[in-house]
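K.L.:
what's the 3D shape of this:
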Amino acid sequence: MNRNTIVNNLYEIIESAPLDEAVGIRLAHLTGNAEFSLFAAEKGPKKKVGAHYHKSGIETYQIVEGEGIMHLGKPDSDNTVDNNTVQWTDSFNVKKGDCFTVNEGEVHQLVNTLDQKLIIVAGCSKAHVTTDRITVEGYEA
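P.N.:
Here you go, the predicted model:
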């Protein structure tokens with residue numbers, strides 16, 4: 001049976017990935033469907049991903065290259081136009097090989113702490129990169 005399987009290499013696809021302006025990462029769809037997909041993302045040296053959260057579903061991360069700090073929190077409100085502040089609750093270091101999950105409704109912001117690019121693979125629904133992404137104020141040390 002021929003399934004017409006498409007194989008994508010994350011290192012090749014990330015090189016030509018467009019910049020996702022909403023959170024400031026290069027982002028490419030690797031494989032999957034609307035319910036669950038794998039995405040490759042790249043963040044430049046010493047840069048942060050824009051803080052955001054999703055109303056539905058978890059997001060799993062695999063750090064492929066680099067190191068960083070993941071900041072987690074809860075939105076202070078339903079994010080009306082006038083209020084997008086966050087109660088930051090946890091921060092932890094991540095490095096190449098680490099895997100972790102961000103829960104539904106949990107604000108997250110990944111900061112690249114090195115002078116080299118940070119590459120991750122994230123598993124989530126396609127809605128997390130389109131219609132179910134609420135951006136908020138970022139973490140301030």
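
K.L.:
does the spatially most central residue of the chain count as helix, strand or coil?
P.N.:
Nearest to the mean C-alpha position of the chain, counting by Cα atoms, centre = their mean, stands A122 at 6.5 Å. Following DSSP: H, G, I helix; E, B strand; the rest coil, the label given to A122 is strand.

K.L.:
bridged to it, which residues?
P.N.:
As for beta bridges, A122 partners with F39, Y61 under DSSP bridges.

K.L.:
mind checking how far it is from M70?
P.N.:
Noted for A122: a distance of 12 Å to M70, by Cβ to Cβ, to the nearest Å. C-beta here means a position set from N, CA and C on the backbone, and glycine is covered the same way.

K.L.:
now for those two: what residues contact both?
P.N.:
Both A122 and M70 are contacted by Y61, under the criterion Cβ atoms under 8 Å, 6 or more residues apart in numbering.

K.L.:
from H29, how far out is the residue nearest to the centre of the chain?
P.N.:
11 Å.

K.L.:
and what of G73?
P.N.:
Following Cβ to Cβ, the distance that separates G73 from H29 is 27 Å.
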